[in-house]
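Colleague: Return atomic coordinates for the entry below.
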Amino acid sequence: MVYFFCCQLRQSRRHELKRLYESFQQFVLSSSAFEAHTYGKNSLSITVKYMMIQPSQELVHKNESFNINSIFDGFLWGVPTCRRSAEKRMMRKYGSPQWHNKLILPRKDIKVCGTCGYYHEEKCLCPNCYSKVKAETTILQEQMIKELGINPVEKEVAIVYQGEKNQFNDEFFKDNKVIEVEKPRPKWFSKNLLQKSNANVIIETSTIKPHDLG
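Modeller: All right, here's what the predicted structure looks like:
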């Protein structure tokens, strides 16, 4: 089996060499040759001829001025071998809505505050109203620290603005620790903001016998 394979390989090589020889011989005969020599002893001897090849007319320049740009025609300049696709170039330039979008898009989550008219983000507090509440809270805290100090507070603390003292009775001042603020109450600061949500509610209870159920 190995011998048969080697024979087939030799025959294929002989056919290939013979084909190359015939093609080379046709090329030599078609050109202008003036001298020939034969080399080799076997049947596949090669005839070598020295040919006079005429230069191409495109390479012959007669009576033409020299141009420096003509010497750069034979250079191969370096180019990127792995060019990015159009999809990748667009992704790097504009981003992707699913990941990071580089386009400037209009925001649709901006709302107008119904109290002051300033703009704020949806589902967020108005920064203008929040700054007012923060400033008023700071004033009340400073007033409480000034009057109470470091003493323990055993009563409920009540805030009374200027002009509101006459609205409460004497029991209110006895049961609560009143902090008087020498300024009128802001319009947005309603009185129920300081009321407790878990007010004391009297719940009536009664005993029910088993035969009264249902």
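Colleague: any idea how far Pro152 is from Ala135?
Modeller: Taking C-beta to C-beta, to the nearest Å as the measure, Pro152 falls 28 Å from Ala135. To be clear about C-beta, it is placed using only N, CA and C from the backbone, and glycine gets the same treatment.
Colleague: out of the two, which sits in the busier spot?
Modeller: Applying other C-beta atoms under 10 Å to Pro152 and Ala135 shows that Ala135 carries more neighbours, namely 10 against 5.
Colleague: Check the separation of the first and last residues in stretch 157-169.
Modeller: 16 Å (C-alpha to C-alpha, to the nearest Å).
Colleague: Could I get the buried residue list for it?
Modeller: Ile159, Val160, Tyr161 (16 or more other C-beta atoms under 10 Å).
Colleague: what's next to that stretch, contact-wise?
Modeller: 140, 144, 148, 172, 176-185, 194 (C-beta atoms under 8 Å, 6 or more residues apart in numbering).
Colleague: of the buried residues of stretch 157-169, closest to Glu87?
Modeller: Ile159 (64.1 Å; C-beta to C-beta).
Colleague: who's in contact with stretch 89-101?
Modeller: Applying C-beta under 8 Å, 6+ apart, the external contacts of stretch 89-101 come out as Arg84, Lys102, Leu103.
Colleague: partner residues bridging the residue lying closest to the second one once chain neighbours are set aside?
Modeller: Okay, so that is Lys102. Nearest residue to Lys102 in three dimensions, chain neighbours excluded: Gly95, at 3.8 Å (C-beta to C-beta, 6 or more residues apart in numbering). Counting by DSSP bridges, Gly95 is bridged to Asn101.
Colleague: where's Gly95 relative to Ile104, distance?
Modeller: 11 Å.
Colleague: do Thr115 as well
Modeller: In terms of C-beta to C-beta, Thr115 sits 30 Å off from Ile104.
Colleague: what does Glu147 give?
Modeller: Taken as C-beta to C-beta, the span from Glu147 to Ile104 is 53 Å.
Colleague: Any stretches of this structure with poor pLDDT?
Modeller: 1-15, 17, 20, 27-63, 70-75, 193-205, 211-214 (pLDDT under 70).
Colleague: now the strands for it?
Modeller: For the chain, the strands defined by DSSP state E occupy 33-39, 46-51, 110-112, 119-121, 156-160, 176-180.
Colleague: residues in contact with the fourth one?
Modeller: By C-beta under 8 Å, 6+ apart, the surrounding residues in contact with strand 119-121 are Asp109, Ile110, Lys111, Val112, Cys113, Cys126, Pro127, Asn128.
Colleague: between those residues, which has the most around it?
Modeller: Neighbour max across those (other C-beta under 10 Å) = Cys126, 20 neighbours.
Colleague: For that residue, which residues are in contact?
Modeller: Cys113, Thr115, Cys116, Tyr118, His120.
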